[in-house]
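Chemist: Got a predicted model here, sequence first, then my questions.
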Amino acid sequence: MKTVLFCQNPYAFGILKPIMEVLKEKNFSYLWFVRKTIQKQFPFQNEPFTSDMKEVKEFKSDVIFVPGNEVPYYLRGLKVQIFHGLAGEKKGHFRIRHYFDLYLTQGPYFTKKFLELKQKFKNFEVLETGWPKLDIYGEELHKYNVIKKELLLKFKAKIIVLYAPTFSPSLTSASFLIEEFKELSKNRKYLILIKFHDLMAVELIEEYKQLAKSTANIIFEEERNIIKFLLMADIMVSDTSSVVYEFLLLNKPVITFKSNSKNILWDNSNEYKNLSSKIESNLKADNFKEKRLKIAQQYHPYNDGKSALRMVEASLKYITKNGVPEKRKLSFLRKLKIHKIFGKY
């Protein structure tokens, strides 16, 4: 099976890596497509990759795994949507753009909705596999324990607080919480890790970098692997970010500010204040522990570390039964959009 791992944004690297490892184990050939503007950020420089769409087309893939919204219709191969987050309330999460033959969902909440959409559009299949980015939760849950212990010793702290907001200008809390983090940092039992999305506004990135430089117990993290910080943190602060769900699956407390989720099962505030007291109360009482379990059951009930394997096997089974699609039928406007993004081949 010849596979393309399709990357439009840096967040795709961590989602697709577990799939790459499965492909290696099975001796399947693969090629990374990495958009030219993010090529320098690509962490697997010794792996086969290209930014040339012509080269991808000539590769003649059987399967294309896509953790994004678009994929060229003219590429050969089963076009598989594997998603880039768990936030079902985000605009566009359940939008059918007609680029994909197969949707591999993370859990029952997503599966139910995509099965309903399948009945409506009748031009794709849906299977539930779990999400490969979270395979580490089943395989290496304690991978960063030593690093965490060393960090706490170095900073003479007891608790790691992770701040991971969304980048969306209309939803991000980053513009409003900087004073709250200054106040929180006065309590030296906390080590505060700031982890921003790649697309966060440059001025906010610089503002928080300066805060970290001037504050002994705040670190601005630039390493792209957010999973590392999710595993190390004791509590997370965020807003309307899909990373909230990734953290909840670890059964640790979350505090959000002005989240627009329709099903909030954690501590959410509609005012940008009282961060310190909220962290204290959530660490002490953790009143949302039972509710978090409901999120896990519906959003991602898989903790066996084999979601990537299920994705590869589901895709192989599909093409064995149905053959490899040569291209995807699209409307003129959809084709035009693909031409604008990726060129016409």
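Modeler: Yep, that arrived.
Chemist: how about the helices in the stretch 51-200 of the chain?
Modeler: 53-59, 108-121, 135-139, 145-155, 178-184 (DSSP state H, counting those that start in this stretch).
Chemist: Make TSV from the ones you listed and add mean pLDDT and distance to residue 281 to it.
Modeler: For the C-beta atoms, the positions are set from N, CA and C on the backbone; glycine is no exception. Converted to TSV, those look like this (pLDDT from 0 to 100; distance: least, CB to CB, whole Å):
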stretch	mean pLDDT	distance to residue 281
helix 53-59	97	51
helix 108-121	97	28
helix 135-139	91	26
helix 145-155	97	22
helix 178-184	98	13
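Chemist: which of the ones you listed is buried the deepest?
Modeler: Ranked by mean neighbour count under mean count of other CB atoms under 10 Å, those are led by helix 135-139, which reaches a mean of 19.
Chemist: what does that one rub up against?
Modeler: By CB atoms under 8 Å, 6 or more residues apart in numbering, the residues outside helix 135-139 that reach it are 18, 143, 227, 231, 249-250, 302-308.
Chemist: I'd like the helices of the stretch 51-200 of the chain written out as a markdown table, with distance to residue 213 added.
Modeler: Listed next are those as a markdown table, based on distance: least, CB to CB, whole Å:
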| stretch | distance to residue 213 |
| --- | --- |
| helix 53-59 | 41 |
| helix 108-121 | 41 |
| helix 135-139 | 31 |
| helix 145-155 | 15 |
| helix 178-184 | 13 |
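Chemist: Would you mind saying which of those lies nearest residue 327?
Modeler: Within these, the stretch nearest residue 327 is helix 53-59; the backing value is 10.2 Å (CB to CB).
Chemist: Run through the strands of this protein in chain order.
Modeler: Counting by DSSP state E, the chain has strands at residues 3-7, 30-34, 49-50, 63-66, 78-81, 102-105, 125-128, 159-163, 190-195, 218-221, 235-238, 254-257, 267-269.
Chemist: For these, give me a markdown table that also has mean pLDDT and distance to residue 317.
Modeler: Formatted as a markdown table, the strands of the chain follow (pLDDT from 0 to 100; distance: least, CB to CB, whole Å):
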| stretch | mean pLDDT | distance to residue 317 |
| --- | --- | --- |
| strand 3-7 | 98 | 14 |
| strand 30-34 | 98 | 18 |
| strand 49-50 | 98 | 27 |
| strand 63-66 | 98 | 11 |
| strand 78-81 | 98 | 11 |
| strand 102-105 | 98 | 10 |
| strand 125-128 | 98 | 9 |
| strand 159-163 | 98 | 38 |
| strand 190-195 | 98 | 37 |
| strand 218-221 | 98 | 39 |
| strand 235-238 | 98 | 37 |
| strand 254-257 | 98 | 36 |
| strand 267-269 | 97 | 41 |
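Chemist: Can I get the ones you listed in CSV including distance to residue 337 and mean neighbour count?
Modeler: Putting the strands of the chain into CSV (distance: least, CB to CB, whole Å; neighbours: other CB atoms under 10 Å) gives the following:
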stretch, distance to residue 337, mean neighbour count
strand 3-7, 16, 27
strand 30-34, 17, 22
strand 49-50, 22, 17
strand 63-66, 15, 28
strand 78-81, 15, 26
strand 102-105, 19, 23
strand 125-128, 23, 18
strand 159-163, 35, 22
strand 190-195, 32, 23
strand 218-221, 35, 19
strand 235-238, 31, 24
strand 254-257, 33, 24
strand 267-269, 35, 19
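Chemist: Quick one: mean pLDDT for stretch 10-26?
Modeler: Mean pLDDT, stretch 10-26: 96.
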